[in-house]
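In: Have a look at this prediction, sequence included:
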Amino acid sequence: MRRVVITGVGAISPNGHTAEESFESLLRGESGIGPITLFDPEGISSQIAGEVKGFDPETVVEKKRVREGSRFIHLAMKAADEAVKSARFEPSSEEELDRVGTYIGVGFCGIEAFEQNHSVYLERGARRISPYFIPATISNLAAGQVSMRHRFRGPSYCVTSACSSGGHSIGEAFVAIQRGVIDAAVAGGTEAAVSAMGVGGFAAMRALSKRNDEPTRASRPFDRGRDGFVIAEGAAVLMLEERDYAIKRGATILAELVGYGASSDAYHLTQPSPGGEGGARAMKAAIRDAGIDPNEFDYVNAHGTSTPTGDIQELIAIESVFGERAKRGLLVSSTKSMTGHLLGAAGALEAVITTLAIVRRRIPPTINLEEPVEEAEGFDLIPNVAREARVRVAISNSFGFGGTNVSLVFKEHE
């Protein structure tokens, strides 16, 4: 099977407008969460979010074309531009371009454009709906716009699997390169659901933190004081290439993607299966795909959303997969403690973070971890302060509503 390497990363998040800015902020233990400013949250129980502050879509698209896409598309274009540029990826021949794929997942697509155009419809009638409403909101248009921008003519599509979307997209691109369908791909996720309907909907489910008076302390995975997740937005993309292809063109290889596992709980709309059994199966599948002994793993970037049930089930799942290693040398952290939950982009951002942890040999912490839950006893959850550590092998988890689970395995490149 062909080997797949990572040659570039891109991200725009509540913690920074580039992958490096975001990662450095996380290493400092900084929270990107604050009061909502993108709309008036009056009347909604949760009024905090991880927003991408100061983003101007005109940095990625001409002013006259901004209305062709909504925020989730523009964020994806920004992250993809960075990933491609950082990889110095410049295929020139038609044959090369035919073998570059674009896989960008999203959970909600252009929800703010739905809200705006629905208001227009109610107030002024159907004839005043924007002609760009459909292309601005269709889920696959993030991948479509990125593909057109860079002329990548291989497979281009969107995986929509709730909070697993970004992870699944990377996994599907990985498999396509392994099998020889393509030689390279930009793969990741994007999300921009900090809107009245997005936040209001999750709040109605009682899924969000109500710690409005102290937003930077609201996301607290594995802590007894957690009361729900904090919604966030952003995008992240990996530049993936077949190893020999990357070496031949002289690319700098950051890390290797070696395993992909997916599963379904087949259990409940929103709650994980007992004992995190579904997530455990995804981890086991990814580890089996990688062909690496669980005792060789150094780091788990946990899904860790700060929900009462999910965090506990994930810890149980990690212990069931890694056995004694889970509490003897395995490092675990949830970077959602700082970024909030990027929904469909979460798995992609955490793939970027895991890659940079391997490259930089520094692991971001789990902040706001003051009173760990009983199930966390014995785990090294890297509380509050980043850790210097060599990460030879790591796994990143993403789990979503509907019982969808995905795990990705990364390793140092040899």
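Out: Nice, thanks for sending it over.
In: Which pLDDT value belongs to Gly188?
Out: At Gly188, the model reports a pLDDT of 98.
In: just Gln271 next, same as before
Out: 88.
In: now it, what's its secondary structure?
Out: coil (DSSP: H, G, I helix; E, B strand; the rest coil).
In: Tell me the secondary structure at Met77.
Out: Applying three-state DSSP: Met77 is helix.
In: Nearest residue to it in space, please, no chain neighbours.
Out: Of all residues not flanking Met77 in the chain, Val60 sits nearest, at 4.4 Å (CB to CB, 6 or more residues apart in numbering). C-beta coordinates here come from the backbone N, C-alpha and C atoms, glycine included.
In: pretty sure the one you found is in contact with Ala76, am I right?
Out: No - at 9.2 Å, Val60 does not count as touching Ala76 under the criterion of CB atoms under 8 Å.
In: which residues of the stretch 1-150 of the chain fall in strands?
Out: 4-12, 34-35, 48-49, 100-106 (DSSP state E, counting those that start in this stretch).
In: Buried ones in the first one, by neighbour count?
Out: Residues Val4, Val5, Ile6, Thr7, Gly8, Val9, Gly10, Ala11, Ile12 are the ones in strand 4-12 that count as buried (16 or more other CB atoms under 10 Å).
In: unless I'm mixing things up, the last one is touching Ala80, no?
Out: Meaning Ile12. No - assessed by CB under 8 Å, Ile12 is found out of contact with Ala80, at 10.2 Å.
In: Off-centre distance for stretch 310-318?
Out: 19 Å (CA atoms, centre = their mean, to the nearest Å).
In: what's the answer for stretch 257-266, then?
Out: 15 Å.
In: Report the mean confidence score over that stretch.
Out: Taken as a whole, stretch 257-266 carries a mean pLDDT of 97.
In: contacting residues around that stretch?
Out: 3-6, 164, 168, 170-171, 174-175, 238, 240, 272-273, 277-279, 281-292, 395, 402-411 (CB atoms under 8 Å, 6 or more residues apart in numbering).
In: coming back round to it: need the buried residues of strand 4-12 in TSV (columns: pLDDT and distance to Ser219).
Out: Shown next, in TSV, are these (pLDDT from 0 to 100; distance: CB to CB, whole Å):
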residue	pLDDT	distance to Ser219
Val4	98	32
Val5	98	32
Ile6	99	27
Thr7	98	31
Gly8	98	28
Val9	98	23
Gly10	98	23
Ala11	98	18
Ile12	98	19
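In: Give the residue spans of this protein that score low on pLDDT.
Out: Within the chain, no stretch has pLDDT under 70.
In: which residues in this structure form helices?
Out: 19-27, 71-86, 94-97, 111-124, 133-137, 141-150, 165-178, 196-204, 243-248, 277-290, 310-322, 336-339, 346-360 (DSSP state H).
In: Looking at those, which is nearest to Ile36?
Out: helix 196-204 (6.9 Å; CB to CB).
In: can you list the residues that contact the closest one?
Out: Contacts of helix 196-204 (CB under 8 Å, 6+ apart): 36, 39, 41, 44-46, 49, 108, 111, 114-115, 193, 208, 231.
In: of these, buried ones?
Out: Buried among the contacts of helix 196-204 (16+ other CB under 10 Å): 36, 39, 41, 44-46, 49, 108, 111, 114, 193, 208, 231.
In: can you list those residues in CSV and add distance to Tyr157?
Out: Formatted as CSV, the buried ones among the contacts of helix 196-204 follow (distance: CB to CB, whole Å):
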residue, distance to Tyr157
Ile36, 32
Phe39, 30
Pro41, 34
Ile44, 33
Ser45, 36
Ser46, 32
Ala49, 28
Phe108, 17
Ile111, 20
Phe114, 21
Ala193, 20
Leu208, 30
Ile231, 25
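In: quick check, nearest of these to Ala143?
Out: Phe108 (15.1 Å).
In: For the closest residue in space to the closest one that isn't next to it in sequence, give me its contacts.
Out: Among residues not flanking Phe108 along the chain, Ala193 sits closest, at 4.3 Å (CB to CB, 6+ apart). Shown in contact with Ala193 (CB under 8 Å, 6+ apart): Phe72, Gly107, Phe108, Ile111, Val199, Ile231, Glu233, Leu343.
In: chain center to stretch 164-172, what's the gap?
Out: For stretch 164-172 - counting by CA atoms, centre = their mean - the centre lies 9 Å from the chain centre.
In: residues in contact with that stretch?
Out: Contacts of stretch 164-172 (CB under 8 Å, 6+ apart): 103-107, 158-159, 161, 187-190, 236, 238, 240, 257, 260, 262, 342-351, 396-400, 404-408.
In: thinking again about what came up before, list just the nearest of the buried ones among the contacts of helix 196-204 to Leu331.
Out: Ile231 (26.8 Å).
In: Report the spatially nearest residue to that closest one, omitting neighbours in sequence.
Out: Ala49 (5.1 Å).
In: Hmm, Ile36 and that neighbour touching each other?
Out: Yes - the pair Ala49 / Ile36 is scored as a contact, 4.9 Å apart, by CB under 8 Å.
In: Please enumerate the shared neighbours of those two.
Out: Val194, Val199.
In: related to what we said a few turns ago, what's the overlap in contacts for Ile12 and Ala80?
Out: Ala235.
In: Isn't Leu331 up against Ala302?
Out: No - using CB under 8 Å, Leu331 is not in contact with Ala302, being 10.4 Å away.
In: okay, the two: which has more neighbours?
Out: Ala302 (30 against 19; other CB atoms under 10 Å).
In: which residues sit in contact with the more buried one?
Out: Pro221, Glu314, Ile318, Val332, Ser333, Ser334, Asn397.
In: Need the residues you listed in CSV (columns: neighbour count and distance to Glu21).
Out: Formatted as CSV, those follow (neighbours: other CB atoms under 10 Å; distance: CB to CB, whole Å):
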residue, neighbour count, distance to Glu21
Pro221, 30, 22
Glu314, 28, 28
Ile318, 24, 29
Val332, 26, 24
Ser333, 29, 19
Ser334, 31, 20
Asn397, 29, 24
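In: In strands only, show me those.
Out: By the criterion of DSSP state E, membership of these in strands covers Val332, Ser333, Asn397.
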